[in-house]
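Peer 1: coordinates only, sequence not included:
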Ligand SMILES: C[S@@+](CC[C@H](N)C(=O)[O-])C[C@H]1O[C@@H](n2cnc3c(N)ncnc32)[C@H](O)[C@@H]1O
Ligand SMILES: Nc1nc2[nH]cc(C(=O)O)c2c(=O)[nH]1
Ligand code: SF4
Ligand SMILES: [Mg+2]
């Protein structure tokens, strides 16, 4: 299968339990919860997205003919050295494109493979680190994984139901929108009320990283 990738870059993982790790990000094009066009945002299932995932025109993006070609590009971004190779598959919605061939080829190249997914599609079973970020108004079918990262506030989220799912970590990420600090305050207040949850911040935005 070929893969449509919006952009690829070497950075630090900015979010969640793996924050601070050197990582190659692969941002797949396309999502099943929003077209990515501003004129469709108000009518989309997911309306707060902070990411441009349309097309393949970003830095390091393109159409990759097969898994070998995509993994070769990931290896180029990582550079020399095989220690602690870490790749994050994101998007858009990566599970629209991630398949056996890609996961196996990344493993063969020595990568620990993480994914950022909205959870509306089953995540590939051999991925090493599963981060699910449920969206109110969609059905989350992937109810187990390493971390659950809920963007907050998100009216319509059923916290008690989510707390019953099989994740090792439950994280609240303040929504990045015009409300700014009010969303951080709301997330902190919820953590104080429900200690199962912990706060995660988008540190790459503070640091000026991609
Ligand atoms: C752009 S999404 C791509 C992966 C996947 N489609 C998903 O939603 O999980 C990457 C992460 O950014 C989060 N995110 C998107 N927009 C955000 C915003 N405005 N503020 C905070 N987090 C946001 C998502 O919830 C997800 O955890
Ligand atoms: N540095 C950095 N960390 C991230 N963690 C999750 C991201 C994403 O967009 O999926 C992201 C991103 O876009 N950049
Ligand atoms: S599901 Fe993820 S990529 Fe899709 S619109 Fe929402 S935040 Fe953006
Ligand atoms: Mg991002």
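Peer 2: Good, I have the coordinates. Every value quoted in this text rests on a predicted model; they were computed, and no experiment measured them. Ligands and ions are numbered 1, 2, ... in the order given.

Peer 1: Phi and psi next, for the spatially most central residue of the chain.
Peer 2: Central residue of the chain (CA atoms, centre = their mean): residue 116, 2.4 Å from the mean position. In this entry, residue 116 is assigned phi and psi values of phi -110, psi 110 (degrees, to the nearest 10).

Peer 1: What about the residue lying closest to it once chain neighbours are set aside, how many residues nearby?
Peer 2: With sequence-adjacent residues excluded and distances taken as CB to CB, 6 or more residues apart in numbering, residue 116 is closest to residue 90, at 4.1 Å. For glycine as for every other residue, the C-beta is placed from the backbone atoms N, C-alpha and C. Around residue 90 there are 20 other residues, counting by other CB atoms under 10 Å.

Peer 1: Check residue 90 and give its pLDDT.
Peer 2: Residue 90 carries a pLDDT score of 99 in this model.

Peer 1: same thing with residue 1?
Peer 2: 84.

Peer 1: which residues touch residue 29?
Peer 2: Residues near residue 29 by CB atoms under 8 Å, 6 or more residues apart in numbering: 4, 5, 6, 53, 54, 55, 56, 61, 91, 92.

Peer 1: filter those down to the ones close to ligand 3.
Peer 2: Among the contacts of residue 29, the ones lying near ligand 3 by CB under 6 Å from any ligand atom are 53, 91, 92.

Peer 1: OK, contacts around the last one?
Peer 2: Spelled out, it's residue 92. 6, 27, 28, 29, 30, 31, 36, 51, 53.

Peer 1: Secondary structure class of the first one, three-state.
Peer 2: Read that as residue 6. The three-state assignment at residue 6 reads strand, by DSSP: H, G, I helix; E, B strand; the rest coil.

Peer 1: Residue 61 is in contact with that one, correct?
Peer 2: Yes. Using CB atoms under 8 Å, residue 6 makes contact with residue 61 at a distance of 4.9 Å.
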